[in-house]
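Chemist: I need the structure of the sequence given here:
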Amino acid sequence: MFQDNPLLAQLKKQIQESLPKKEGQIKATDRGFGFLEVDNKDSVFIPPNYMKKVMHGDRVIAVIRTEKEREVAEPQELVEQFITRFIGRVKRIKDRLNVVPDHPQLKDAIKARTVKGLSADSLKEGDWVIAKMTRHPLVGDNKTFFCDITEKITDSEDKIAPWWVTLARHELPNAEPAPQDSWHMMEEGLQREDLTDLPFITIDGESTKDMDDALYTVAKEDGSFELTVAIADPTSYIEVGSDMDKEARERGFTIYLPGRNIPMLPRELSDELCSLMENEKRPALCCRLTVDKDGVIQDDITFFAAWIQSQARLNYDDVSDYLEHGSAENWTPNDIIDAQVKALKGFADARSNWRSQNAVVFPDRPDYRFELSEDNDVVAIHTDPRRTANRMIEEAMISANICAGRVLQAKFGKGVYNYHNGFNPEKIDTAMEFLADAEAPFEKEQLLTLNGFSALRRWLNDQETTYLDNRLRKFQAYSEVGNEPAAHFAMGLDVYATWTSPIRKYGDMINHRMLKAVVSGLEPVQTPDETIGEEISTHRRSHRMAERDVADWLYVRLLKDAVQEGTVFTAEVFDINRAGMRVRVLENGASAFIPAPLILDNKERIECNGDLGIINIDKVREFQLGDHFEIVLTEVREATRQLVAKPVKQFPEVKTQAENQSETEQA
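Modeler: I've put the predicted structure just below:
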């Protein structure tokens, strides 16, 4: 009507312009209406007819008016669109093509067409696709949302969908790099020592093929240890700036997902030519270091190139059984390997003791491993504890990375360094309030230093509960990667530069090339540029999200019958917000959400305080971060890969004083 009457249209425009406006983010609900979440945490109601113009997550400017005695928001201008490229499933409505985004808050089908030579007839109901938003109701003269389907990911019933869909969502490769016709070692100006007679050993998982570290340990009479760390040498085959080098940088890391991995390098390199396989001669970059009886790394750190030949391919469980119980069921070492294993154990004990007293040692957490059938069904989840052999390798690798950090700092003043700044400067005052309430013996200035922060971490490890530790993590900075030496507060170390996984990490390849320059005395063929740190951090984040997404999918498959069976699990609280709490199931590592109404369906009696990390019932603290308690699952949402749970412990209804008085009068 307004379009046909210019005067009325102009009047409406003037009225709209005179109304107050607010900018905020759209929060959708299951019932059609939504809210405009403003930055100051205010929210304004959006009626269902206005929600048709926007999508959950959109950032918009909305007109604020009163309708039916209620303040409402009408979105007017799009500031930032929530999704552009997205993953979804095909839906046919009246034989017309639509896509439903694969997102918990996006449930409406979006009209679609196919592009890039993709045929609409080739897409079936439920097929997984990649789509791009091309139309938004708040932009131009558009009336509805519209998208282009650019790629089909896989069929609706494909059991490998969790992997293909997740990789597509995070724009990660779904296959290893293409192999080359041949591989040749480059002339790098290195003299390689022949160490093939030394009894190097590898200790890895039973199924590991890309073995990138081998160790040789000498236990000396004075209680000190000499450790030689030999690391696989893919940079001897890959020239800087070559196509393979560029692809490795673009990938950043080997992708590790539950049930499968996607190598950063071709498997013929990672699993064969460079893998430090038993009884096979291999090139290696080595570090020799000495640790005194107190676990202190000495200054005689030496890097060199070598040929080595592993004399034993060992696995974590066998070595742990042997050291913890005196024997392993399927393995008995000869005298030479026995001496190597025990010397490495002595080295690791000395280093672990030093780190526990002077740096930071994190409490052990188990690894959770999915067992899949041949057709990719989840058979079971295995809990792999961090055992003696795991800690031995961990101490050796940490020591080797400390040495690389020191040598690169001394020689070049740069490298690819992992660092952590301790507390976020904007949050440290809040952290100090928690510490003061806990009567922690630390001052703010002290916690700005590496030694002070490390002392705090050790103090937290000694507390009876993990509540304060969990709470303080919310105020810490994130671990980062940079080009210059910097302290790693979270580990309690002055420098840390990884070089021990060049088969799996591109940053380690850069450090290899710089360490080779230390060995050869030549200029390094590669040094880290200004963008590499952010690239590595971005890759790491996307890989972690992909690993989590696939795991969530598999947990839903595994636990689909747990609700009906009433299985009781033990859970640990790792997050609390105003809607409830998130917990981790200790038996299998799954995460679940416990909504506040499933704890107690009485808003007056329950308070979920995310700032404090606690849940009060009747003003009494009943749950806090780090708590362990029993839960049962109440819902397994396959469409969104979410688990919903409730505590086994019940909180009965309490009668109000008025109700008690009424019952007394009736009696």
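Chemist: so how many other residues sit close to the residue lying closest to Thr254 once chain neighbours are set aside?
Modeler: Nearest residue to Thr254 in three dimensions, chain neighbours excluded: Arg504, at 4.1 Å (C-beta to C-beta, 6 or more residues apart in numbering). For glycine as for every other residue, the C-beta is placed from the backbone atoms N, C-alpha and C. A total of 22 residues lie near Arg504 under the criterion other C-beta atoms under 10 Å.
Chemist: who's in contact with Arg504?
Modeler: 210, 212, 253-254, 263-264, 270 (C-beta atoms under 8 Å, 6 or more residues apart in numbering).
Chemist: nearest to Val481 among those residues?
Modeler: Phe253 (11.7 Å; C-beta to C-beta).
Chemist: look up which residues are beta-bridged to that closest one.
Modeler: The bridge-partner assignment for Phe253, based on DSSP bridges, gives Lys505.
Chemist: most neighbours, which of the contacts of Arg504?
Modeler: Met264 (29 neighbours).
Chemist: so which helix or strand takes in the residue positioned nearest the centre of the chain?
Modeler: The centroid of the chain falls nearest to Arg544 when counting by C-alpha atoms, centre = their mean (3.2 Å). Taking DSSP states H and E as the criterion, Arg544 maps to helix 532-558.
Chemist: re the thing from before, turn the contacts of Arg504 into TSV, including pLDDT.
Modeler: Output for these, formatted as TSV (pLDDT from 0 to 100):
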residue	pLDDT
Asp210	91
Asp212	95
Phe253	96
Thr254	96
Pro263	94
Met264	96
Ser270	93
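Chemist: need those in JSON lines (columns: secondary structure).
Modeler: Below are these laid out as JSON lines (DSSP: H, G, I helix; E, B strand; the rest coil):
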{"residue": "Asp210", "secondary structure": "coil"}
{"residue": "Asp212", "secondary structure": "coil"}
{"residue": "Phe253", "secondary structure": "strand"}
{"residue": "Thr254", "secondary structure": "coil"}
{"residue": "Pro263", "secondary structure": "coil"}
{"residue": "Met264", "secondary structure": "coil"}
{"residue": "Ser270", "secondary structure": "helix"}
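Chemist: adding distance to Val360, write those residues out as CSV.
Modeler: Written out in CSV, the entries for the contacts of Arg504 read as follows (distance: C-beta to C-beta, whole Å):
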residue, distance to Val360
Asp210, 29
Asp212, 25
Phe253, 24
Thr254, 27
Pro263, 31
Met264, 29
Ser270, 31
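Chemist: tell me which of those is nearest to Glu226?
Modeler: Within these, proximity to Glu226 (C-beta to C-beta) peaks at Asp212, which comes in at 21.3 Å.
Chemist: could you find the closest non-adjacent residue to the closest one?
Modeler: Ala232 (4.2 Å).
Chemist: in terms of contact, does that neighbour touch Cys286 like I think?
Modeler: No - Ala232 sits out of contact with Cys286 when judged by C-beta atoms under 8 Å, with a separation of 11.0 Å.
Chemist: neighbour count winner among these two?
Modeler: For Ala232 versus Cys286, neighbours defined as other C-beta under 10 Å are more numerous around Ala232 (28 against 24).
Chemist: what helix or strand is Ala350 on?
Modeler: Secondary structure assignment for Ala350, by DSSP H and E: helix 335-358.
Chemist: list the contacts of that helix.
Modeler: Contacting residues not belonging to helix 335-358 are listed as 199, 201, 215-219, 225, 227, 291-296, 311-312, 314, 319, 322-323, 333, 361, 388, 391-392, 394-396, 398-399, 454, 458, 492 [C-beta under 8 Å, 6+ apart].
Chemist: inside helices: which ones of those residues?
Modeler: For the contacts of helix 335-358, the ones inside helices are 319, 322-323, 388, 391-392, 394-396, 398-399, 454, 458, with DSSP state H as the criterion.
Chemist: now, the most widely separated pair of those?
Modeler: Taking every pair in the ones in helices among the contacts of helix 335-358 and measuring C-beta to C-beta, the maximum separation is 33.1 Å, between Tyr322 and Ser454.
Chemist: sorry, back to before: out of the contacts of helix 335-358, which are buried?
Modeler: The neighbour-count criterion (16 or more other C-beta atoms under 10 Å) marks 199, 201, 215-219, 225, 227, 291, 295, 311-312, 314, 319, 322-323, 333, 361, 388, 391-392, 395-396, 398-399, 454, 458, 492 among the contacts of helix 335-358 as buried.
Chemist: helices or strands up against the helix or strand that contains Val63?
Modeler: Here Val63 is covered by strand 59-67, with elements defined by DSSP H and E. For strand 59-67, the helices and strands in contact under the criterion 3 or more C-beta pairs under 8 Å, 6 or more residues apart in numbering; DSSP states H and E are strand 21-28, strand 43-46, strand 70-80.
Chemist: and these as a markdown table, adding mean pLDDT?
Modeler: What follows is those, written out as a markdown table (pLDDT from 0 to 100):
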| stretch | mean pLDDT |
| --- | --- |
| strand 21-28 | 93 |
| strand 43-46 | 94 |
| strand 70-80 | 94 |
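Chemist: and these: which comes nearest Thr567?
Modeler: In this view, those are compared for proximity to Thr567 by C-beta to C-beta, and strand 21-28 is the closest at 32.4 Å.
Chemist: pairing partners for the following helix or strand past that closest one, with directions?
Modeler: Secondary structure here is assigned by DSSP H and E; on that basis, the next helix or strand after strand 21-28 toward the C-terminus is strand 34-38. With DSSP bridges as the criterion, the sheet partners recorded for strand 34-38 are strand 21-28 (antiparallel), strand 43-46 (antiparallel).
Chemist: Ile536: which of the ones you listed is closest?
Modeler: strand 21-28 (30.0 Å).
Chemist: residues in contact with that closest one: which ones?
Modeler: 34-39, 43-44, 46, 51, 54-64, 73, 75-76, 79, 82, 105-106.
Chemist: and those residues, which of them are buried?
Modeler: By neighbour count, with 16+ other C-beta under 10 Å, the contacts of strand 21-28 hold 34-36, 38, 44, 46, 51, 54-63, 73, 75-76, 82, 105-106 as buried.
Chemist: Pro597: which of the helices and strands packed on strand 59-67 is closest?
Modeler: Of these, nearest to Pro597 by C-beta to C-beta is strand 21-28, at 18.5 Å.
Chemist: buried residues in that closest one?
Modeler: Neighbour-count burial for strand 21-28 flags 22, 24-26, 28 (criterion: 16+ other C-beta under 10 Å).
Chemist: any idea which of the residues you listed is closest to Gly140?
Modeler: Set against Gly140, the nearest of these by C-beta to C-beta is Ile26 (19.0 Å).
Chemist: what bridges to that closest one?
Modeler: Under DSSP bridges, the beta-bridge partners of Ile26 are Leu36.
Chemist: that one and Phe593, how far apart?
Modeler: 22 Å (C-beta to C-beta, to the nearest Å).
Chemist: please apply the same query to Ile503.
Modeler: Between Ile503 and Phe593 the distance, using C-beta to C-beta, works out to 38 Å.
Chemist: more neighbours: which of these two?
Modeler: In this view Ile503 and Phe593 are compared by other C-beta under 10 Å, and Ile503 has more residues nearby, 26 against 18.
Chemist: that one sits in which helix or strand?
Modeler: Taking DSSP H and E as the criterion, no element holds Ile503; it sits outside all helices and strands.
Chemist: that one against Asn261, yeah?
Modeler: No - here Ile503 does not reach Asn261: they are 11.3 Å apart, not a contact under C-beta under 8 Å.
Chemist: who touches both of those two?
Modeler: Counting by C-beta under 8 Å, 6+ apart, the residues touching both Ile503 and Asn261 are Thr254.
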